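> got a predicted model here, sequence first, then my questions.
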Amino acid sequence: WYTINMQSKKHIIIFSHGFGVRKDDVGLFTDIVKAVPEVESILFDYFDVDEKNKILTIRPFSTQVKMLNDVVKKARESDPEATIDLICHSQGTMTAALAKPDGIRKTIFLAPVLDMSIERTLKRYGSDPDSDINLDGISKLRVFDGFLRIVPREYWAERKKIKPFKEYNEFAQKTELIVIEANQDEILSKVDLKDLNSKIKLMSLDGNHGFSGKARKNLIKTVREIIL
């Protein structure tokens, strides 16, 4: 004799991008957003972007962590009953693990960084004549996509102290954590995952670090199956 209209909860995905890129994560995140029109997507920049002079300034992890937690808090305040998920790529996975925001249903780590050694980054950028790395001052990393990357010493100092496995394992106590490795990752080398928390679901898909080209379609299909 009466009808109850049950409205489904609002669903929000917050994206956490990687080192030296902008909020679209070189198109990876925007492609995922297009593929999940059913949800509200939130993308934001961790780094300061100077469009006029083509300079991108990296912020320390402590600043990135605060920014992510603020975004999550604002999303929660906008709708306390909303379902909130995280999709993180590359070093953005580390920022999420350090932040450990409350109330996250599912978190997907795409091509996560499990080796935070500075030596890896020095090897990648150090041989480039356009790069100037100064761990005790200001580093200038090579230009690609037209932007120069400026890295303050605070970033390197904080990075030295990070223990990825510890942070990932602790975060897995607060969220359903799914790790998707890229089988043909050209940036990150393979790391033994035996010390990861058994609660973490491990997957691997063909693709390079950004799952570009043909790999993108399969990645998006997998992300939809996990999130929706």
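Yep, that arrived. Numbers count the residues shown, from 1 in each chain.

> going forward, measure contacts and count neighbours with C-alpha atoms only.
Noted.

> can you map out the strands along the chain?
Using DSSP state E, the strands of the chain run over residues 11-16, 40-42, 48-50, 55-57, 83-89, 106-110, 139-144, 147-151, 176-182, 201-205.

> what's the least confident stretch among those?
Least confident of the strands of the chain, judged by mean pLDDT, is strand 139-144 with a mean of 84.

> report the angle between it and strand 147-151.
With axes from the mean of the first three to the mean of the last three Cα atoms, to 10 degrees applied, the angle from strand 139-144 to strand 147-151 works out at 160 degrees.

> residues touching strand 139-144, excluding its own?
Here strand 139-144 makes contact (Cα atoms under 8 Å, 6 or more residues apart in numbering) with 125, 128-133, 148-153.

> pull out the buried members of those residues.
In these, burial by neighbour count holds for 125, 131, 132, 133, 148, 149, 150, 151, 152, 153, counting by 16 or more other Cα atoms under 10 Å.

> reformat the strands of the chain as CSV; add distance to residue 162.
Formatted as CSV, those follow (distance: least, Cα to Cα, whole Å):
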stretch, distance to residue 162
strand 11-16, 18
strand 40-42, 26
strand 48-50, 23
strand 55-57, 21
strand 83-89, 17
strand 106-110, 17
strand 139-144, 20
strand 147-151, 17
strand 176-182, 19
strand 201-205, 22
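
> nearest to residue 168, out of those strands?
strand 176-182 (8.7 Å; Cα to Cα).

> which elements pack onto the closest one?
Packing partners of strand 176-182 (3 or more Cα pairs under 8 Å, 6 or more residues apart in numbering; DSSP states H and E): strand 106-110, strand 201-205.

> looking at these, which is buried most?
The highest mean neighbour count among the helices and strands packed on strand 176-182, using mean count of other Cα atoms under 10 Å, belongs to strand 106-110: a mean of 24.

> partners of it, with directions?
With DSSP bridges as the test, strand 106-110 is paired with strand 83-89 (parallel), strand 176-182 (parallel).

> burial-wise, tell me which of those strands comes out on top.
Of these, strand 83-89 is the most buried (mean count of other Cα under 10 Å), at a mean of 23.

> run the angle between that strand and strand 11-16 for me.
Going by the same axes, to 10 degrees, strand 83-89 makes 30 degrees with strand 11-16.

> dump strand 83-89 to PDB, restricted to CA.
Extracted in PDB, the C-alpha atoms of strand 83-89 (Å, rounded to 0.1, in the frame of the first residue of the first chain):
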ATOM      1  CA  THR A  83      31.000   5.200  -1.800                       C
ATOM      2  CA  ILE A  84      34.600   6.500  -2.400                       C
ATOM      3  CA  ASP A  85      37.300   4.600  -4.200                       C
ATOM      4  CA  LEU A  86      40.800   5.500  -5.200                       C
ATOM      5  CA  ILE A  87      42.700   4.800  -8.400                       C
ATOM      6  CA  CYS A  88      46.400   5.500  -8.200                       C
ATOM      7  CA  HIS A  89      49.200   5.200 -10.700                       C
END
